[in-house]
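Participant: just the structure for this:
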Amino acid sequence: MVCPIEKVSFSLGDVYLTPGVLDALEKSGEVPEKFLFMHESGDWGILGEDDKALNDEALRSGGRVLSAYLTGKGAKLYVITEADRSATTIMLAEEY
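Facilitator: Numbering: from 1, shown residues only. Coordinates of the predicted model:
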């Protein structure tokens, strides 16, 4: 028997990319949409279980949502959606 998976989706608002993440994505040959899609669909990436649970709660209560991913070249980036869902920023971990 297959159990349905609840679809996660929330507004990203305006999307911003830092200069560092633009450079990292260019070097890895990846596009920001890849990471935005994972973030918006509830794939929190390489976060620990506690942080993933905080994101799940944020979706219910309206808090900030944060995901972390590695590019194909190993650069760590964060995707952060503000609590009011007005904006999402993609930045390198060292820019956080």
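
Participant: please work out which residues outside the helix or strand where residue 56 lies touch it.
Facilitator: Using DSSP states H and E, residue 56 falls within helix 49-61. The contact list for helix 49-61, computed with CB atoms under 8 Å, 6 or more residues apart in numbering, reads 8, 10, 42, 44, 47, 63, 64, 65, 66, 67, 83. Every residue, glycine included, has its C-beta placed from N, CA and C.

Participant: so how far is the helix or strand bottoming out on mean pLDDT in the chain from its chain's centroid?
Facilitator: Scoring the helices and strands of the chain by mean pLDDT, DSSP states H and E places helix 49-61 at the bottom, with a mean of 95. Remark: helix 49-61 is offset 13 Å from the chain centroid, using CA atoms, centre = their mean, to the nearest Å.

Participant: give me the phi and psi for residue 90.
Facilitator: Torsion angles at residue 90 (phi, psi; degrees, to the nearest 10) stand at phi -110, psi 130.

Participant: partner residues bridging it?
Facilitator: Counting by DSSP bridges, residue 90 forms beta bridges with residue 17, residue 79.

Participant: so where do the strands sit in the chain?
Facilitator: 14-17, 65-70, 76-81, 87-92 (DSSP state E).

Participant: so of those strands, which one's packed in deepest?
Facilitator: Among the strands of the chain, ranked by average contacts under mean count of other CB atoms under 10 Å, first place goes to strand 76-81 (a mean of 22).

Participant: which strands or helices does that one pack on?
Facilitator: helix 32-40, strand 65-70, strand 87-92 (3 or more CB pairs under 8 Å, 6 or more residues apart in numbering; DSSP states H and E).
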